[in-house]
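Undergrad: pasting a predicted model and its sequence here:
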Amino acid sequence: MDSRMDSAAAASPLYEARGLTKVFTSKSSAIGGKPLVVRAVNDVSFDINNGEVLGLVGESGCGKTTTGRLLLRLLDPTSGSIVYAGRDIARIPNRAMRALRKDMQIIFQDPFSSLNPRMTCLDIIAEPLILHSSLTRAQRREKAYELLRYVGLPKEYAPRFPHEFSGGQRQRIGIARALSVDPKFIVCDEPVSALDVSVQSQVLNLIQKLRHDRSLTLLFIAHGLNVVKYISDRVGVMYLGSLLELADSEEIYLRPLHPYTQSLISAIPDVDDTAGRERQLLRGEIPSPTNMPSGCPFHTRCSRKIGRCADEKPLTREVAPGHSVACHLI
Ligand code: SF4
């Protein structure tokens, strides 16, 4: 099946993922002793262009975080290719990957558990430089101070430990650490979902600023379309490991085509009132990834399904320049 979803935008991809698949297999389940198989990412294809922000949305367990970790090769893909800057990195050995690690960083969802509680703020930010630069200790310290200022924290906070900061401040430290090695690409893995609403926009503004200041390419992962629309050039919608729709963020917000995307848009307060659309609420629970439905992965919850949906997986089609959808109705 060709589930390729290409960008119609700039033809200069930093990343090209093709047929990306990740299957997790447990040794054996508690009941029956059979191994549990989870197809976390299932034949997913997309590009991320140089300097763009690609948003990835979907409910918990849809495979968006696994996709981000595959791109960074923090996980090994089961099959498929990952071309980074013209080179297939899907199966290159760890030693070769180490040289590329400096280019690729991650900002985690939970800033508290991602920071070493026994290290000071200064050491956390400077630590990646020990491995990835030839800077002296004094130079590393200077760079950490400079990054602290950049993310909006005073130099005086440098000797403090993670527990002495608020959630928003800890996320700023995580961002400074990611920036310390001057990466080209950052996976932002739900970077604001663990934060109070009052500080979410401050952290989003900081991510916007660093994207423009440093010409970064980002994969921005989030639960809801309202957050990704604000920051992304294009948005991909994932469900049970599959990429169901991909389009420019404005396009997907105004003209969602896949029934699942339409449900996600409906969940955003005030959207349907302004667009005059009928509200389409999601029914039922997301199926277990250990027991994937046949055919269209969304058919068990889709109010518009037709006869073939339960048996036949829909092909992905480009319905307009840069707008691709996997649904039998489209
Ligand atoms: Fe619904 Fe069928 Fe389209 Fe799947 S392929 S989203 S079940 S209409």
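TA: That came in fine, so what should we check first?
Undergrad: can you list the buried residues in the host helix or strand of Q139?
TA: Assigned by DSSP states H and E, Q139 belongs to helix 137-150. Across helix 137-150, burial judged by 16 or more other Cβ atoms under 10 Å covers 140-141, 143-145, 147-148, 150. Glycine gets a C-beta too; all of them are placed from N, C-alpha and C.
Undergrad: over to stretch 294-306?
TA: Using 16+ other Cβ under 10 Å as the test for burial, stretch 294-306 gives 295-302, 305.
Undergrad: which of these sit farthest apart?
TA: The span of the buried residues of stretch 294-306, defined through Cβ to Cβ, is set by G295 and R301 at 12.7 Å.
Undergrad: please name every helix or strand in contact with the helix or strand that contains Q262.
TA: Element membership of Q262, judged by DSSP H and E, is helix 259-266. Packing partners of helix 259-266 (3 or more Cβ pairs under 8 Å, 6 or more residues apart in numbering; DSSP states H and E): helix 225-231, strand 234-239, strand 242-248, helix 271-275.
Undergrad: closest to the ligand out of those?
TA: strand 242-248 (7.4 Å; Cβ to the nearest ligand atom).
Undergrad: ok, back up a step: ok, and of the buried residues of stretch 294-306, which contact the ligand?
TA: Applying Cβ under 6 Å from any ligand atom, the subset of the buried residues of stretch 294-306 adjacent to the ligand comprises 296, 298-299, 302, 305.
Undergrad: take those and keep only those in helices.
TA: Residues of these located in helices (DSSP state H): none.
Undergrad: mind putting those residues in TSV, pLDDT included?
TA: Rendered in TSV, the data for these read as follows (pLDDT from 0 to 100):
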residue	pLDDT
C296	97
F298	96
H299	95
C302	94
K305	92
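Undergrad: next, the residue nearest to the spatial centre of the chain: phi, psi?
TA: In the chain, the residue lying closest to the centroid (Cα atoms, centre = their mean) is I221, at 3.1 Å. Phi and psi for I221, reported as degrees, to the nearest 10, are phi -100, psi 130.
Undergrad: pretty sure it contacts V187?
TA: Yes. The criterion here is Cβ atoms under 8 Å, and I221 meets it with V187 at 7.0 Å.
Undergrad: now D311: closest residue in space that isn't a chain neighbour?
TA: G295 (4.8 Å; Cβ to Cβ, 6 or more residues apart in numbering).
Undergrad: ugh, wrong one, A176
TA: Once flanking residues are discounted, A176 sits nearest to L147: 4.1 Å by Cβ to Cβ, 6+ apart.
Undergrad: equivalent analysis for I186, please.
TA: For I186, the spatially nearest residue (Cβ to Cβ, 6+ apart) is Q105, at 4.9 Å.
Undergrad: quick one: whichever helix or strand the one you found is part of to chain centroid distance?
TA: Here Q105 sits within strand 104-107, counting by DSSP H and E. In this view, strand 104-107 has its centroid 11 Å away from the chain centroid, taken as Cα atoms, centre = their mean, to the nearest Å.
Undergrad: quick one: least confident helix or strand in this protein?
TA: Every helix and strand in the chain was compared by mean pLDDT, DSSP states H and E; the lowest is helix 271-275, with a mean of 52.
Undergrad: now stretch 241-255: buried residues?
TA: Buried residues in stretch 241-255, counted by 16+ other Cβ under 10 Å: 241-249, 251-253, 255.
Undergrad: ok, now how distant is the nearest residue to I265 once chain neighbours are set aside from the ligand?
TA: The shortest distance from I265 to any non-neighbouring residue, by Cβ to Cβ, 6+ apart, is to P256 (5.0 Å). With distances taken as Cβ to the nearest ligand atom, to the nearest Å, P256 is found 12 Å from the ligand.
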